[in-house]
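Visitor: This is a predicted model, with the sequence first.
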Amino acid sequence: MSNIVEVKNFQMIFGNKEVIKELSFTVKQGEIFGLLGSNGSGKTTTIRALLGLYQPTAGELLINGQKFVPSEKTAVGYLPEERGLYMKETVIDVMTYFGHLKGLKNPKEWSLKYLNRVDLQDSATKQVGKLSSGMQQKVQLGLTIMGNPKLLILDEPTKGFDPVNRKLLMDIIAESHDKGSTIIMITHYMEEVERLCDRAILLKDGVARAYGKITDIKKEFGGKSLDEIFVSVYGEKND
Amino acid sequence: MTKKFIDTNLGNVIRFEIIRNLKKPTFWIAALILPVLLVGYIAFAGFVGYNANLTAEGGTDTEKLNLGLYDAADYLTTNVIPQPDNTTQEVKLFDSKEQGIDAVKNDEISVFYYIPANFDEILTAEIYAKSASFNIFANYETPLRTLLMLSAATRIDPTDLAVVTNVITIDTTNFTVDNTEVDLVAEISRMIIPGLALVLFYILIVSFGNRLTTAMVEEKENRISEMILTSLKPRDLITGKIISLIILGFIQLAILIIPIVVLTIFGFSNNIIPSDFVIDFNFWTVLSTLILLLASFFLFTALCVTIGVLVPTAKDASQFAGIVIILTILPLFFINSFMSANSADSMTYFLSYFPPSAPIALMFRNVFGTLPINEYFIGLIIIFISSYFVIKFSVYVYSRTAIEFTSRVNLKKLFSSPRKNWKK
């Protein structure tokens, strides 16, 4: 399997603080990859640098062998941790706009189908700002997966969802994966990682503390569960 | 070609921004408030004029009323009032003030005019009329004043009378710096289109400035930029916003211009505007003015958008917008500098070539005819080049700070960044 994402010797310094230290990893085509770590460990910074939103202090971050530039060729769907939408526009207008940006041939039709799927068909003509945060998150997920992107980056996708909607969201993500999308998932739910991810990287203070196949990581830590591994890695701080 | 452009992301941004702005009531309120005020003012002025006409017509109807007069001062030389329809009205003469007042009270006459014996000292005449309205008294003054004027005119030399009543004509001849004679009427005609462009630009600054500065903030305030920039290059987003804002600005102008054009045509066809009032539609004047207006709005939009790029919230953007607006309207405080072609001083040149103030400075000089063609092109080039670099700067900053959701951009920190990629 070829690599869709390559991070080589990535270093990031904000002011005097070195947030990421010589980080290197790859994400293979077609896999579900877990990017794990506690708050402030550098996960979001890595993704932002990968997508060109931050300029790395050193190193290379490549998607399909190139620095990321938005285009249909390197179609990337990104659900950021900082959720946001055009609040004063209608749901269907926002979805149609993003559909056009992502090169969909009939974005309105796609959007209506998606809204139907996530039980938001009656909200299509409502202002985004008038939807609940859970509803807005569903809309945002729609914007992320539209156009079947080759690479899906989901930063805490299930944050704030009830179990029913969490299952719905995981089904949608699984569908995208079945259609051939590579998925990078940032999450704090270790059971999700164990169930879904092929490989993962665990960051602590900008350094990779574990990296590889889930089974290999577990083996490396004496057969512990990911939850236990997470606790033991972050517990080291207090030792 | 057009279809292909619309399908690009730049085209998508332009289309989205234009449509969503056109759907906003605030856009239409801003666009229609001036035309509505203009039409309202003209309707009000028309109403007042119509009433004044009725009043004036009421005044000429005094021939239907009986007027009386006692001239104790023996000042009047006539008791016959000429009417607008070339007829005359004779005023009934009385032998005493009391007789005249009794005649009013007994309804024999409607109005009685009394000129006291010491009129030449007190310069006051009296009117007695039976009416409950002060307005009627005002109307009754006209016949008396006419009689007094006619009588006075018989005592004064006609030339003196013309001078005193300010009806003499004064012909002025102006020379340009190269001693050619200035046709004042032609000059005023020429000034109308550039002057209108200046006024329209000013209206755009006032009504659109805030919208321009807050346009780029929305993506930051609503946390959209992080997501949208994975589908769209910062350059396309900023350029798309600028182009759509310029188009929206010109839609606002069109909304403003249409009633002006309609009212002007109406004014000409109904002889409200004198037929010798000419607007110079010289191709070069119109074209050069339009290009200058477009370039000016382009630069102003780019500057305002840059403010939006540098700050995190609409509130911050509004505060900084004031700086751009002040720099833009700076030439308003130096109008005199732009009036004379042969006394262009350093301030004139500074304001004409300093990018933020160049639009209004050049427009003023265009209005006053003190902008030589070479300076027009130099100014235009400065405006376009500045706009280009301002946009490039915005793109550079935005591509690196689009997710600075809570703090203003620190330029020092930004430019000390190890990687500077101006190509993005």
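Guide: It's in.
Visitor: Looking from chain A, tell me which residue of the stretch 151-300 of chain B is nearest.
Guide: In the stretch 151-300 of chain B, no residue comes nearer to chain A than B:R223, which is 2.7 Å away by Cβ to the nearest Cβ. Yep, even glycine has a C-beta here, placed from its N, CA and C like the rest.
Visitor: per-residue confidence for that residue?
Guide: The model reports B:R223 with a pLDDT of 81.
Visitor: burial measure for residue 189, as a count.
Guide: Because you didn't say which chain, this covers chain A. Using other Cβ atoms under 10 Å in any protein chain shown, A:Y189 has 18 neighbouring residues.
Visitor: wrong one, I was asking about chain B
Guide: So B:S189, with other Cβ under 10 Å, has 17 neighbours.
Visitor: Once you drop chain neighbours, what's closest to the residue of the stretch 151-300 of chain B closest to chain A?
Guide: A:G84 (2.7 Å; Cβ to Cβ, 6 or more residues apart in numbering or on different chains).
Visitor: for chain A, what spans make up the strands?
Guide: A:3-14, A:17-28, A:32-37, A:58-63, A:76-79, A:151-155, A:182-186, A:199-204, A:207-213 (DSSP state E).
Visitor: One more: chain B?
Guide: B:67-71, B:80-82, B:88-90, B:92-93, B:111-115, B:126-129, B:174-175, B:181-182.
Visitor: Packed most tightly, which of those strands would that be?
Guide: Mean neighbour count (mean count of other Cβ atoms under 10 Å in any protein chain shown) peaks for strand B:111-115 among those, with a mean of 25.
Visitor: Report the mean per-residue pLDDT for that strand.
Guide: On average, strand B:111-115 scores 92.
Visitor: could I have it exported to CSV, CA atoms only?
Guide: Taking Å, rounded to 0.1, in the frame of the first residue of the first chain, the C-alpha atoms of strand B:111-115 are listed here in CSV:
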residue,chain,number,x,y,z
VAL,B,111,-58.9,94.2,1.6
PHE,B,112,-58.0,97.8,2.4
TYR,B,113,-54.6,99.2,2.0
TYR,B,114,-53.5,102.2,4.0
ILE,B,115,-50.4,104.3,3.3
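Visitor: That strand: partners in the sheet, and parallel or antiparallel?
Guide: As defined by DSSP bridges, the strand partners of strand B:111-115 come to strand B:67-71 (parallel), strand B:126-129 (antiparallel).
Visitor: Chain A against chain B: which residues are in contact?
Guide: Proximity of chain A to chain B, by Cβ under 8 Å from any Cβ of the partner chain, involves residues A:48, A:51-58, A:68-70, A:76-80, A:82-89, A:93, A:97-98, A:100-102, A:140, A:143-144.
Visitor: Just list the residues touching B:G68, thanks.
Guide: With contacts defined as Cβ atoms under 8 Å, 6 or more residues apart in numbering or on different chains, the neighbours of B:G68 are B:91-94, B:100, B:103-104, B:108-109, B:111-113.
Visitor: Point out where the stretch 201-350 of chain B drops to low pLDDT.
Guide: Where the stretch 201-350 of chain B drops to pLDDT under 70, the residues are B:341-344.
Visitor: Would you quantify the distance from B:I168 to B:I260?
Guide: Using Cβ to Cβ, to the nearest Å, we find B:I168 at a distance of 35 Å from B:I260.
Visitor: Show me which of the two is the more surrounded one.
Guide: B:I260 (15 against 9).
Visitor: Can you tell me the closest non-neighbouring residue to that one?
Guide: Using Cβ to Cβ, 6+ apart, the closest residue to B:I260 is B:L38 (7.4 Å).
Visitor: wait, that neighbour sits on B:V261?
Guide: No. Taking contacts as Cβ atoms under 8 Å, B:L38 lies outside contact range of B:V261: 11.9 Å.
Visitor: who's more crowded, those two?
Guide: Legend: neighbour count by other Cβ under 10 Å for B:L38 and B:V261, higher for B:L38 (14 against 10).
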